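Enquirer: Build me a model from this:
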Amino acid sequence: MPSSVIALFGPTASGKTAVAAALRALLAADGNAAALISADSAALFAGLPIITAAPSDHTQLVGVVPLTEDVSLGDYQRRAHLAIDVALATDRIPFVVGGTGLYFRAAISSLAVPPPVAPERRVHWQAEYDRLGPEGAHALLRSVDAEAGRRVHANDRRRVVRALELAETGTSLAPEHDSLWADDARHETLLLGLDVPLPE
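Expert: The predicted structure is shown next:
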């Protein structure tokens with residue numbers, strides 16, 4: 001094999017699941033077992049198979065978090081790193097498949113992830129979002145972190161709240177180095193990207 005990890009990225013409905021299944025079958029035909037690992041933020045949650053088009057063929061990190069629980073990027077990264085390391089330790093090829101760019105990068109790289117904030121600060125910022133309304137909360141975000149404000153829509157309550165939490169700690173939802181294809185992979189990684197016209 002040319003790499004120890006295979007990572008397949010593509011937009012929603014680009015055929016990632018079908019391509020991953022075909023590549024997994026080819027690997028198996030050559031005597032290589034693959035461990036499929038999802039890098040989709042929504043697929044983490046149980047009970048959303050139709051909305052997320054979650055794969056059903058034994059993909060790890062799919063449907064593992066109850067809808068009633070919160071999960072951070074850091075939580076996901078720890079799970080993904082463990083899944084990749086266990087696969088390598090058991091002579092399987094980790095095959096990361098996803099369409100959530102930040103989660104995809106967090107899975108394969110040493111991306112520094114801000115620590116979670118204290119629960120009471122999240123409650124505070126959620127209450128502030130509700131008090132100020134979407135536009136008011138977004139205006140506040142733009143005043144403390146202009147770049148995060150450009151990236152997050154005012155109606156995305158969860159991300160506006162998260163961006164305000166991070167701004168309060170001196171960090172940002174918008175990373176300083178924002179490149180999906182960064183060279184900080186934890187293991188040798190073969191990156192594959194799908195670019196399929198939507199009508200197809």
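Enquirer: use CA for all of it now, contacts and neighbours both
Expert: Noted.
Enquirer: buried set for the helix or strand harbouring A25?
Expert: Element membership for A25, per DSSP states H and E: helix 16-29. For helix 16-29, the neighbour count (16 or more other C-alpha atoms under 10 Å) marks 16-17, 20, 24 as buried.
Enquirer: ok, S110 to R159 distance?
Expert: 22 Å (C-alpha to C-alpha, to the nearest Å).
Enquirer: again with D75
Expert: Distance from D75 to R159, by C-alpha to C-alpha: 16 Å.
Enquirer: can you give me the strands in this structure?
Expert: For the chain, applying DSSP state E gives strands covering 5-9, 34-38, 93-98, 189-193.
Enquirer: lowest-pLDDT helix or strand in this structure?
Expert: Sorting the helices and strands of the chain by mean pLDDT, DSSP states H and E puts helix 49-52 at the bottom, at a mean of 48.
Enquirer: so what's A112 scoring on pLDDT?
Expert: Here, the pLDDT recorded for A112 equals 78.
Enquirer: What of A118?
Expert: At A118, pLDDT is 85.
Enquirer: do V160 as well
Expert: For V160, the predicted pLDDT is 95.
Enquirer: Correct me if wrong: it contacts R150.
Expert: No - with contacts counted by C-alpha atoms under 8 Å, V160 stays clear of R150, the gap being 10.8 Å.
Enquirer: Of all the residues in stretch 6-17, which ones are buried?
Expert: 6-11, 14, 16-17.
Enquirer: name the helices or strands packed onto the longest helix along the chain?
Expert: In the chain, assigned by DSSP state H, the helix with the most residues is helix 119-144. Packed against helix 119-144 by the contact rule (3 or more C-alpha pairs under 8 Å, 6 or more residues apart in numbering; DSSP states H and E) you find helix 146-151, helix 157-168.
Enquirer: Mind listing what's buried along the shortest one?
Expert: Of the residues in helix 146-151, those with enough neighbours to count as buried (16+ other C-alpha under 10 Å) are 147-149.
Enquirer: Next, format the residues you listed as TSV and append distance to N155.
Expert: Shown next, in TSV, are the buried residues of helix 146-151 (distance: C-alpha to C-alpha, whole Å):
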residue	distance to N155
E147	17
A148	14
G149	12
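Enquirer: Burial check on E120, number of neighbours?
Expert: By the criterion of other C-alpha atoms under 10 Å, E120 has 9 neighbours.
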